[in-house]
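Colleague: This is a predicted model, with the sequence first.
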Amino acid sequence: MDRMNSQELKPHYHVLDIFQNKNILSIISIISFILIWDLIVVRGIAGSYLPRPIEVFERFMYMLKNPLAGKTLIEHLLVSLKRVFVAFVIAVLFGIPIGVLMGFNRYARAIMKPIFDLFKPMPPIAWISLAILWFGIGETSKVFIIFIGSFVPVVVNSYNGIRLVEPELYDAIRILGADYWQEHLEVTFPGSFPAIFAGIQISLSIGWTCVLAAELVGAREGIGFIIVMGMNVGNVAQIIVGMLVIALVAFLLSIGLNYLERWVCPWKQQEIE
């Protein structure tokens, strides 16, 4: 009898329960994508211009060990990361104060916002010609193009973060006797920082995706250079390696910033939960 009761108390797992796990579903999705990709190539559906996944992997391993234009894949990646982070830091240092100032001060908003709205829709790639004329084909032009892509989301989110703080919160803290600085420390900062941090996340992601456009400007190193070289010599596997590296690094940066946000904005995580 006790044996039967113990068996009844044990949880019964169904095969379908496995598919309720998001991690397992993600793994299945990736494996399915690779298998479908391989099948398309083997069947010749995509012609001769798409390599098999194993060929891309072999090219990836080859580029890890063998230099291209004097640098291995990791060295090219570090060059691109350096360009992105330099441009990203400059964008954050200038973008957050400008966005906050426009959100706080109506005179600053009246002066700066129309000019910002004029330049905001322009894509970073449209600045390539001007970047070459102004800065040549050196590092400055590449950092400038990435900066253009990173700057806009920082300003927009900083501005919106300040403007979207509930006015009732200021009224409540004033009733409690808070002074000017306490209003901003207790209300403005916690209320606007999640939006500002979201702008920082978007800025870094866009900056990283702009690296290809930046490295079209006479680059001799970097992930964008790898893709361009693959295009010039007709090496599709090399092009896909560069694209996958860009996607993988963007994914890892997003995960890292999400963890940083949980540490910097713990109150936002509590609200979600």
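Modeller: Perfect, thanks for sending it. Not measured: the values here are computed from a predicted model.
Colleague: Show me how this protein divides into domains.
Modeller: Each domain of the chain is listed here as a residue range: 2-42, 53-272, per automatic domain parsing.
Colleague: quick one: which of those has the weakest pLDDT on average?
Modeller: Sorting those by mean pLDDT places domain 2-42 lowest, at a mean of 69.
Colleague: picking up where we left off before, of the domains of the chain, which stretch is the most buried?
Modeller: domain 53-272 (a mean of 17; mean count of other Cβ atoms under 10 Å). All C-beta atoms are positioned from the backbone trio N, CA, C, and that covers glycine.
Colleague: ok now it, how far from the chain's centre?
Modeller: Distance, stretch centre to chain centre, for domain 53-272: 7 Å (Cα atoms, centre = their mean, to the nearest Å).
Colleague: going forward can the numbers begin at 36, since that is how I track them
Modeller: Sure, I'll start counting at 36 from here, so that last one is domain 88-307.
Colleague: Quick check: phi and psi at residue 140.
Modeller: phi -110, psi 120 (degrees, to the nearest 10).
Colleague: I'd like the distance between it and residue 222.
Modeller: According to Cβ to Cβ, to the nearest Å, residue 140 stands 17 Å off from residue 222.
Colleague: Next: residue 293.
Modeller: From residue 293 to residue 222 the distance is 25 Å (Cβ to Cβ).
Colleague: Can you show me the CA trace of stretch 166-183 as PDB?
Modeller: These are the backbone C-alpha positions of stretch 166-183, laid out as PDB (Å, rounded to 0.1, in the frame of the first residue of the first chain):
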ATOM      1  CA  ALA A 166      33.000  61.500 -43.400                       C
ATOM      2  CA  ILE A 167      35.600  60.800 -46.100                       C
ATOM      3  CA  LEU A 168      35.700  64.400 -47.200                       C
ATOM      4  CA  TRP A 169      36.000  65.700 -43.600                       C
ATOM      5  CA  PHE A 170      38.300  63.000 -42.000                       C
ATOM      6  CA  GLY A 171      39.800  61.000 -44.800                       C
ATOM      7  CA  ILE A 172      39.800  57.200 -44.700                       C
ATOM      8  CA  GLY A 173      41.500  56.800 -41.400                       C
ATOM      9  CA  GLU A 174      40.000  55.700 -38.000                       C
ATOM     10  CA  THR A 175      38.200  59.000 -37.400                       C
ATOM     11  CA  SER A 176      35.800  58.600 -40.300                       C
ATOM     12  CA  LYS A 177      34.900  55.100 -39.100                       C
ATOM     13  CA  VAL A 178      34.300  56.200 -35.500                       C
ATOM     14  CA  PHE A 179      32.300  59.200 -36.800                       C
ATOM     15  CA  ILE A 180      29.900  56.900 -38.800                       C
ATOM     16  CA  ILE A 181      29.400  54.600 -35.800                       C
ATOM     17  CA  PHE A 182      28.900  57.600 -33.600                       C
ATOM     18  CA  ILE A 183      26.100  58.900 -35.800                       C
END
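Colleague: now the strands for this protein?
Modeller: With DSSP state E as the criterion, the chain has no strands.
Colleague: State which helix of it is the longest.
Modeller: helix 108-139 (DSSP state H).
Colleague: can you give me the helices for the chain?
Modeller: Shown for the chain, the helices assigned by DSSP H span residues 37-44, 57-77, 88-100, 108-139, 141-154, 163-170, 174-198, 202-210, 215-218, 224-244, 246-249, 258-268, 271-299, 301-307.
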